[in-house]
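Peer 1: sequence isn't available, so here's the structure alone:
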């Protein structure tokens, strides 16, 4: 049996297990590659070395996700983001345009930790009362939250970037910096969408566009049920937060080291008691560990696919089957189809495909980081009813998840296509 056929069967087996939802996601990416590597004739010691190489390549990504989750979770506990969001919503004054623009801004703040669950929990309960009072469709709230969150997918500590770094072959901050101009495009798309929805909604609600502020917007925050909140240290925490963002983009050291330092600093300043510090770390340990395990399992799959030569074997088959001019755009085609793919399949199905796409690109002189850029700023998972966070957001907004998909997916697909085409036209997808 040829190595290419074994690789294709391995990818198919991973697909089947992921789609079955009968096993945890890490199992297909660990067990299946090892079994197929042994079937291909490699010894256990050879397979072990492939696994070690692959897992080692994810070390930086794992450390980054562990300490970035810890940092943003602790900052959230202090109440700093609650205060910022509260002050932003006070500026709305029931103006429809301002409410919609604030939705984008609050979603961007909510997505700083890279988790859609957090984004929805911060954005939707905060702004839903205003949407109801102004008679704005709640589906617009969901869509603008998704669009605002997508802008922040460029953050080097976010799951979207960290997940792609093993395939891109660079540090997360390098991929993030390459994507910054296109995050700007995503921001413009979000703002333009907010203004267009604002124009439509204001025509239907002319009598309330300029009404006075509501009690919801003016309500003061109550931290009585949040013992870990430190509102008196808001200014200090804000300074720490701004300093950390500046360091992430300007200081040329490993990103996870910066998060280590600022996590420690935030803990020391806000929680002097070692018991409080330990309680917070334990509280978020599961949140920190789950993505770390997934990234390590991805490393197993990547290490075996590269070490056994499966990637090269599949690439040879693909390049022999399609014209070179077409092969050059393989990653672009997948990027353009990503939203509809994620509507019917979980995002994990793309993971075995990425090594093939980067391999094809490298054979044609395109760097892996340019290939992965196409998949970083994407809207698909946030439109998919297969994603737990999307169902949470729909529940919070009082919108049927299928209605959200029907309303948001076509618009998100258009925005996704614009971003991919911007990368193509600028040449960034082919460097």
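Peer 2: Nice, I can see it. Computed from a prediction, not measured in an experiment: that's the story for all the values here.
Peer 1: now the longest helix anywhere in the chain, how far from the centre of its chain.
Peer 2: Secondary structure assigned by DSSP state H gives helix 172-204 as the longest helix of the chain. Its chain's C-alpha centre and that of helix 172-204 lie 16 Å apart, by CA atoms, centre = their mean, to the nearest Å.
Peer 1: just the element for the nearest residue to residue 408 once chain neighbours are set aside, please.
Peer 2: Using CB to CB, 6 or more residues apart in numbering and skipping the chain neighbours, the partner closest in space to residue 408 is residue 143 (4.5 Å). (Each C-beta comes from the backbone N, C-alpha and C, glycine too.) Element membership for residue 143, per DSSP states H and E: helix 138-151.
Peer 1: sketch out the low-pLDDT regions of this protein for me.
Peer 2: 1, 205-220 (pLDDT under 70).
Peer 1: check contacts around the spatially most central residue of it.
Peer 2: Against the mean C-alpha coordinate of the chain, by CA atoms, centre = their mean, the closest residue is residue 160 at 3.5 Å. By CB atoms under 8 Å, 6 or more residues apart in numbering, the contact list for residue 160 reads 114, 153, 376-378.
Peer 1: pull out the buried members of these.
Peer 2: 114, 153, 376-378 (16 or more other CB atoms under 10 Å).
Peer 1: ok, and for stretch 384-395, which residues are buried?
Peer 2: The neighbour-count check on stretch 384-395 (16+ other CB under 10 Å) flags 384, 386-387, 389-390, 392-394 as buried.
Peer 1: for residue 229, phi and psi?
Peer 2: Main-chain torsions, residue 229, degrees, to the nearest 10: phi -70, psi 140.
Peer 1: that one contacts residue 81, correct?
Peer 2: No - Residue 229 is not in contact with residue 81 according to CB atoms under 8 Å; the separation is 10.8 Å.
Peer 1: hmm, back to that, reformat the buried residues of stretch 384-395 as CSV; add distance to residue 50.
Peer 2: Listed next are the buried residues of stretch 384-395 as CSV, based on distance: CB to CB, whole Å:
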residue, distance to residue 50
384, 32
386, 31
387, 31
389, 33
390, 35
392, 38
393, 39
394, 41
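Peer 1: in CSV, list the residues you listed along with secondary structure and distance to residue 42.
Peer 2: Formatted as CSV, the buried residues of stretch 384-395 follow (DSSP: H, G, I helix; E, B strand; the rest coil; distance: CB to CB, whole Å):
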residue, secondary structure, distance to residue 42
384, coil, 36
386, coil, 34
387, coil, 36
389, helix, 38
390, helix, 40
392, helix, 43
393, helix, 44
394, helix, 46
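Peer 1: so the nearest residue to residue 288 once chain neighbours are set aside, which state does it fall into?
Peer 2: The spatially closest residue to residue 288, leaving aside those adjacent along the chain, is residue 69, at 4.5 Å (CB to CB, 6+ apart). Residue 69 carries the three-state label helix when classified by DSSP: H, G, I helix; E, B strand; the rest coil.
Peer 1: tell me the SS of residue 294?
Peer 2: Strictly by three-state DSSP, residue 294 counts as helix.
Peer 1: neighbours around it, how many?
Peer 2: Applying other CB atoms under 10 Å, we find 21 residues neighbouring residue 294.
Peer 1: and it, what does it touch?
Peer 2: Residue 294 neighbours (CB under 8 Å, 6+ apart): 25-26, 29, 163.
Peer 1: if you set the cut-off to 7 Å instead, what comes out?
Peer 2: Listed by CB atoms under 7 Å, 6 or more residues apart in numbering, the contact partners of residue 294 are 25-26.
Peer 1: what's the separation between it and residue 351?
Peer 2: Distance of residue 294 to residue 351, computed by CB to CB, to the nearest Å: 9 Å.
Peer 1: just residue 154 next, same as before
Peer 2: 20 Å.
Peer 1: before we move on, back to that, go ahead and confirm the residue nearest to residue 408 touches residue 410.
Peer 2: No - assessed by CB atoms under 7 Å, residue 143 is found out of contact with residue 410, at 10.4 Å.
Peer 1: more neighbours, these two?
Peer 2: Neighbours were counted for residue 143 and for residue 410 using other CB under 10 Å; residue 143 has more, 27 against 13.
Peer 1: once you drop chain neighbours, what's closest to residue 287?
Peer 2: Once flanking residues are discounted, residue 287 sits nearest to residue 69: 5.6 Å by CB to CB, 6+ apart.
Peer 1: and the angle from the helix or strand where the residue nearest to the centre of the chain lies to helix 138-151?
Peer 2: Per DSSP H and E, residue 160 falls inside helix 159-168. Relative orientation of helix 159-168 and helix 138-151, computed by axes from the mean of the first three to the mean of the last three CA atoms, to 10 degrees: 40 degrees.
Peer 1: might you report the residue contacts of residue 297?
Peer 2: Each residue near residue 297 by CB under 7 Å, 6+ apart is listed here: 26, 29-30.
Peer 1: now it: how far from residue 25?
Peer 2: 7 Å.
Peer 1: now for the two: what residues contact both?
Peer 2: Here residue 297 and residue 25 have no joint contacts, going by CB under 7 Å, 6+ apart.
Peer 1: closest one of the contacts of residue 160 to residue 233?
Peer 2: When these are ranked by distance to residue 233 (CB to CB), residue 114 comes first, at 24.1 Å.
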